[in-house]
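Asker: Requesting a structural model of the entry that follows:
(chains A and B)
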Amino acid sequence: MANILLSDAEKTFILHGVEEDFRCDGRTRRDYRPMELETGIVSHASGSARLRLANTDILVGIKTEIDVPSPYNIDKGKIEFFIDCSANATPEFEGRGGEELAQEISDTLAKSYQSGQAFDLRKLCILPGQQCWKLYVDILILECGGNLFDAVSLAVKAALFNTKIPRVTAALMDGGNVDLSLSDDPYDCNRIEINQIPILVTVCKIGDSCVVDPSAEEEQCSAASVVVGVSQRDNKSFLTNIHMCGVGSFHQETLESSVELGLSAAEKLDEELLIALKLEEERFGKYGKKEIFGFLR
Amino acid sequence: MSTNVKFRLASDRVNTQILTGDRIPRLYTPGEVVTAQQSFMRGHGTYVEDDDIKASVAGVMEQVNKLISIKPLKSRYVGEIGDVVVARITEVQQKRWKVDTNSRLDSVLLLSSVNLPGGELRRRSAEDEQMMRKYLQEGDLISAEVQNIYDDGSLSLYTRSLKYGKLSQGILVKVFPSLIKRRKTHFHNLPCGVSIILGNNGFIWISPTSTSESENDGGFTQNLSEVIPRADREVIARLRNCILALAQCKMMLYDTSILYAFEESIKYEVHELLNQEAIFDVAFLTQHRLRLQEI
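Answerer: Purely as a prediction, here's the structure:
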């Protein structure tokens, strides 16, 4: 999304590579670059994750707070996304430069989480009409190497997996006020069910073909891309949202095939993400203190 | 055909420091006292405070007789006259192009420092000035040489030689400028059928070796209709991944190291070279071969 300059010859080279199904780094059109994942990286957040996809670097922190449910959805909790595009990522983001992009990503995320079957907000309710949990999902983009949507959604999903909501032991009604008592044990907490949480897949149209996981250079060559939000349920993929970016347009057939490509990629992504998260949990125990690797290498 | 996805946990991160072995030099951090003795002279990357020489950048010390300087690990490109650079045009101005060379300030390429198409030798006229965007436009990549350094540190480039000029199809790889080893020549035609230009500024250009020798156009043509065959493309992609692998392991880049890495990487598929394990393996084997050669 960050605008980088490319010469016509470089664009031609990338374009021909995509047509050939052999991209600049040797991947095929359906391949993702290797990713690195770490959860529980921010010690004072309820849940956190860092995902690095080649040069794209995303840090997500989740904070929980007690709030009053909205009068229209008395039995539902709340979730709010906020994205900050750090000026470290690209000088363009300085000041208010990244706001438009941040808004676009958070809107797309919020829309794909809207469906009750994708993310069940009722689980976040404590006392209908009185008290509920509100999740603040804060996303920090530290570096831009293309494919922000996918990386952000994967990092958010990993952070939600890592989120620990304190257990409510008793709720007393005292007149009109609710008095909640929370468990004192920091390890006594609820987890969020993440199996159905949607992920976003960007399918980028370069020339006449579509690719997943475009690098920053490839994004520059594409006129239009479609972001699909995909939620898994009963071993089936469901679309929760489709968002188009860019100035170009899609032919009906291309759109159909790219949505299909997005769905199949999402299925694989989801599967691998769950395996990685479970592996990490197995290795470090559910709540045990783990060594944080973070940004040092 | 299915999607290749791979998640690696941070705890499985490959430690590339094993490569350096026991030869880790002493690192200085900014503000750290390098020497308290009075008899030394302060060089680049240092400052004097309370009669001590302190480091102003993070890096390793270099001493030439009485002169102490700190060479930063990561820095922007600091140009020297005669360096070969690969650069990108960012702006077309009056009688000059603004060029991005990865240095702190934009460099300039004067209209009088380029060869005119056709190799004509004459004064640049007003028509030439109006044609500037036809020669080089924003985004175009060039190879050039540093002609002059201005007082503020910005560079003036020139392309008045047939080996310099506009670059056609290929891949640009960006690495730290300090990783490029200074050699006699920075243009290499590798035996695998690919040419590379190792810019001193950390920009590396990989392109198929051109077969058509129509050199009297002054290097302003880009053949956009030419499709690079699959075999060449694979070699280019493999070289790109090899160079990035060496750069990630902080190994010096020059023709021999790149060629060795290329040869050691043959056992992997090109896309496998994006994985940490393969990167480390290739860098390790390359370093081993380089050390054997040293002895």
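Asker: What parts of the stretch 151-295 of chain B come near chain A?
Answerer: Proximity of the stretch 151-295 of chain B to chain A, by CB under 8 Å from any CB of the partner chain, involves residues B:167-172, B:222, B:224, B:227-228, B:230, B:233-234, B:236-238, B:240-241, B:269-271, B:273-276. Glycine gets a C-beta too; all of them are placed from N, C-alpha and C.
Asker: taking these one by one, which sit in strands?
Answerer: Using DSSP state E, the subset of those located in strands is B:Ile171, B:Leu172.
Asker: So which of the residues of the stretch 151-295 of chain B next to chain A belong to helices?
Answerer: B:Arg230, B:Arg233, B:Glu234, B:Ile236, B:Ala237, B:Arg238, B:Arg240, B:Asn241, B:Gln276 (DSSP state H).
Asker: Can you pull the phi/psi pair for the nearest residue to B:Arg104 once chain neighbours are set aside?
Answerer: Distances taken as CB to CB, 6 or more residues apart in numbering or on different chains place B:Arg76 nearest to B:Arg104, at 5.1 Å, with adjacent residues excluded. When read as degrees, to the nearest 10, the backbone of B:Arg76 gives phi -80, psi 170.
Asker: With the one 10 residues further on instead?
Answerer: Its backbone dihedrals place B:Val86 at phi -110, psi 130, with angles given as degrees, to the nearest 10.
Asker: can you check A:Ser258 too?
Answerer: According to degrees, to the nearest 10, A:Ser258 has phi -80, psi -30.
Asker: quick one: contacts for it?
Answerer: By CB atoms under 8 Å, 6 or more residues apart in numbering or on different chains, the residues touching A:Ser258 are A:Val203, A:Lys205, A:Cys210, A:Val226, A:Phe250.
Asker: what do you get for A:Gly26?
Answerer: By CB under 8 Å, 6+ apart, the neighbours of A:Gly26 are B:Glu234, B:Ala237, B:Arg238, B:Asn241, B:Glu269, B:Val270, B:His271, B:Leu273, B:Leu274.
Asker: Which of the three states applies to the closest residue to B:Pro25 other than its chain neighbours?
Answerer: If the residues on either side of it in the chain are set aside, B:Pro25 comes closest to B:Val60, at 4.8 Å by CB to CB, 6+ apart. Secondary structure assignment for B:Val60 (DSSP: H, G, I helix; E, B strand; the rest coil): strand.
Asker: does B:Val60 really touch B:Ile68, like I thought?
Answerer: No. With contact defined as CB atoms under 8 Å, B:Val60 does not reach B:Ile68; the gap is 11.5 Å.
Asker: Counting neighbours, go ahead and name the busier of those two.
Answerer: With neighbours defined as other CB atoms under 10 Å in any protein chain shown, B:Val60 and B:Ile68 compare such that B:Ile68 has more, 21 against 16.
Asker: Can you list the buried residues in the helix or strand containing that one?
Answerer: Assessed by DSSP states H and E, B:Ile68 sits inside strand B:67-72. For strand B:67-72, a neighbour-count test (16 or more other CB atoms under 10 Å in any protein chain shown) marks B:Ile68, B:Ser69, B:Ile70, B:Pro72 as buried.
Asker: Get me the contact residues on the stretch 151-297 of chain A for chain B.
Answerer: Residues of the stretch 151-297 of chain A lying near chain B (CB under 8 Å from any CB): A:212, A:264-265, A:268-269, A:272-273, A:275-276, A:279-280, A:283-284, A:291, A:293-294, A:297.
Asker: now do the same end-to-end measure for stretch B:179-189.
Answerer: 20 Å (CA to CA, to the nearest Å).
Asker: got the contact list for that stretch?
Answerer: With CB under 8 Å, 6+ apart as the criterion, stretch B:179-189 contacts B:84, B:163, B:195-202, B:204, B:209, B:246-247, B:250-255, B:257.
Asker: Only whichever of those are buried, select them in PyMOL.
Answerer: Buried residues among those (16+ other CB under 10 Å), as a PyMOL selection:
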select buried, chain B and resi 84+195+196+197+198+199+200+201+202+204+246+247+250+251+253+254+255+257
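Asker: ok, of the residues of the stretch 151-295 of chain B next to chain A, which come out buried?
Answerer: B:167-172, B:222, B:227-228, B:233-234, B:236-238, B:240-241, B:270-271, B:273-276.
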